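In: model this:
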Amino acid sequence: MSDELTLLAEAGAATVVAAMATDLWQATRDGVLGLFRRDAPDSAAPVGARLDEGAALVRTSAAPDDVRRALAGTWARELHELLRRDPACRVPLARLTAEVDGAFASGRAAVVLEQNNTARDSGTVFAVQHGDIHTTRGAGGATRQDPDDGPQ
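Out: Take a look at the predicted model:
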């Protein structure tokens, strides 16, 4: 029985961290919180905070897959402990894992990128994600932007 719980917890953790910073995140997060609420209703807030912290790390990291790998062990332990305390969570965790994995397999998941840029006073911001932007100043201080062919 313990091996079964370990495998399910590891699969669930891999799915949870894979969904971080994708458009599947909110539904995955809600599903995980539902599992913890079943076990201990007062545990949802701290679990939600840890999930949100992990998702923020993935979203802002230059190496999100490395962050996901690091988080997977933590979530495998959390989920294993949950399954040990409440074996009835096995079926909903397996269902959540299958649903999210199915969405990934069908290509329905997309990475969500967040970027906040603020210019204050007389400041100017030139920003791009996953590419380059080249700016030059022409006569009279006019600025010309030449983004590369990468996504923006």
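
In: So which bits of the longest helix anywhere in the chain are buried?
Out: Scanning the chain for the longest helix, with DSSP state H as the assignment, gives helix 64-85. Of the residues in helix 64-85, Pro64, Val67, Arg68, Leu71, Ala72, Trp75, Ala76, Glu78, Leu79, His80, Leu82, Leu83 count as buried by neighbour count, 16 or more other CB atoms under 10 Å. Yep, even glycine has a C-beta here, placed from its N, CA and C like the rest.

In: what distance separates that helix from the middle of the whole chain?
Out: 13 Å (CA atoms, centre = their mean, to the nearest Å).

In: what's in contact with the next helix-or-strand element following it?
Out: Remark: after helix 64-85, the chain's next helix or strand is helix 90-105, criterion DSSP states H and E. Residues from elsewhere that reach helix 90-105 (CB atoms under 8 Å, 6 or more residues apart in numbering): 5, 8-9, 11-12, 15, 18-19, 24, 27-28, 31-32, 34-35, 38, 79, 83, 109.

In: Taking helix 64-85 as reference, get the angle to helix 90-105.
Out: 160 degrees (axes from the mean of the first three to the mean of the last three CA atoms, to 10 degrees).

In: can you pull the buried residues of the helix or strand hosting Leu5?
Out: Assigned by DSSP H and E, Leu5 belongs to helix 2-19. Residues 5-6, 8-19 are the ones in helix 2-19 that count as buried (16+ other CB under 10 Å).

In: Beyond that helix, next helix or strand please.
Out: helix 25-39.

In: so what does that next one touch, helix or strand wise?
Out: helix 2-19, helix 44-60, helix 64-85, helix 90-105 (3 or more CB pairs under 8 Å, 6 or more residues apart in numbering; DSSP states H and E).
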